[in-house]
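A.B. asks: give the three-dimensional model of this entry:
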Amino acid sequence: MIDRPGLAAFLRSRREALQPEDIGLPRGARRRTSGLRREEVAARCNMSTDYYARLEQERGTHPSAQMIAAIAQGLHLSLDERDHLFRLAGHPPPSRGSVSEHVNPGLARIFDRLHDTPAEIVTELGETLRQTALGIALTGDASRYTGPARSLGFRWFSDPGSRALYHPDDHEFLSRMFASGLREAMTRRGPRSRAAHYADLLLARSEEFRTVWDAQEIGLRPKEFKRYVHPSVGALELQCQTLLDPDQHHFLLVYTATPGTESYEKLQLLSVIGSAAPTG
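C.D. replies: Numbers count the residues shown, from 1 in each chain. So this is what the prediction gives:
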């Protein structure tokens, strides 16, 4: 059963403890609210301010597990806090570890400060959880994918169009790397894991995947520079820095270009024409 008083009190306390700068917002000279405003939290959780306000006022309908997950992420809750929130709302807490999509608050705080940089948070299977606006402009909006197609490695073998963004000379290596990474994840998580399910699907669908899978390669890692062929700005060579959350096995990927290079200038241009994001 939902604990409305407990839920309302916990939401208020977490909202008031979170400062604007924690989520990359300017504080502003006239701010009087302690912590975030309700409308700021609601916007981060993709819900109406009225709906969120009702929860803090012990009113409204019983929030779904999906809604509680969005609130937990929007408030930068730790895993323990997230689980507590779920129980207050009358839901069993989600699983932790590799199957969890709850982004660690420390990783989220770093991500929220990357306004002018292409960046994304991905799972060990290449499923994008968060993207900056410039990240979407660079590689497209990954939130539109569902099911196994959420994984870039899965799309690489199941959807030929997904390769158009990457330099043709890198395709052979990327095929081997995605297969290697999937094998590592399957070995780490076991034969009943999502990784194993993806591997079974690709073995049934893709001759190329069967070939690289049979090579039994392990340990292939991304190259220092990633080469893109963007539909709006053309060729780009970007360096990718990676930060790992070992508990959730999520990766924060940050893409930068060397100042003074043609890629740097193109990245600046992309920040201006970002609405023309690739669809592949």
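
A.B. asks: in this structure Leu238 contacts Lys226, no?
C.D. replies: Yes. Leu238 is within contact range of Lys226, at 5.3 Å (criterion: CB atoms under 8 Å). Glycine gets a C-beta too; all of them are placed from N, C-alpha and C.

A.B. asks: what residues are shared contacts of the two?
C.D. replies: Tyr255 (CB atoms under 8 Å, 6 or more residues apart in numbering).

A.B. asks: and the longest strand along the chain, what other elements does it pack with?
C.D. replies: Longest strand in the chain by number of residues (criterion: DSSP state E): strand 234-245. Of the remaining helices and strands, those touching strand 234-245 by 3 or more CB pairs under 8 Å, 6 or more residues apart in numbering; DSSP states H and E are helix 105-111, strand 225-230, strand 250-256, helix 262-272.

A.B. asks: so which of the ones you listed is nearest Glu208?
C.D. replies: Among the helices and strands packed on strand 234-245, the nearest to Glu208 by CB to CB is strand 225-230 (20.0 Å).

A.B. asks: average pLDDT across the closest one?
C.D. replies: Averaged over strand 225-230, pLDDT sits at 95.

A.B. asks: for that strand, packing partners?
C.D. replies: Applying 3+ CB pairs under 8 Å, 6+ apart, one finds that strand 225-230 contacts helix 133-139, strand 234-245.

A.B. asks: tilt between that strand and strand 234-245?
C.D. replies: On the basis of axes from the mean of the first three to the mean of the last three CA atoms, to 10 degrees, strand 225-230 is oriented at 130 degrees to strand 234-245.

A.B. asks: run the chain-centre distance for strand 225-230.
C.D. replies: Put simply, strand 225-230 sits 20 Å off its chain's centre (CA atoms, centre = their mean, to the nearest Å).

A.B. asks: how about stretch 58-76?
C.D. replies: Distance, centroid of stretch 58-76 to centroid of chain: 19 Å (CA atoms, centre = their mean).

A.B. asks: in that stretch, what counts as buried?
C.D. replies: Of the residues in stretch 58-76, 63, 67-76 count as buried by neighbour count, 16 or more other CB atoms under 10 Å.

A.B. asks: in CSV, list the residues you listed along with distance to Gln248, pLDDT and secondary structure.
C.D. replies: CSV is the format used below for these (distance: CB to CB, whole Å; pLDDT from 0 to 100; DSSP: H, G, I helix; E, B strand; the rest coil):
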residue, distance to Gln248, pLDDT, secondary structure
Pro63, 23, 94, coil
Met67, 21, 95, helix
Ile68, 18, 96, helix
Ala69, 14, 94, helix
Ala70, 17, 94, helix
Ile71, 18, 96, helix
Ala72, 13, 95, helix
Gln73, 12, 91, helix
Gly74, 17, 92, helix
Leu75, 17, 93, coil
His76, 14, 91, coil
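
A.B. asks: and the residues you listed, which two are the farthest apart?
C.D. replies: Across the buried residues of stretch 58-76, the longest distance by CB to CB is 18.2 Å; it joins Pro63 and His76.

A.B. asks: contacts only, for Leu236.
C.D. replies: Contacts here follow CB under 8 Å, 6+ apart; on that basis Leu236 touches 138, 227-230, 257, 263, 266-267.
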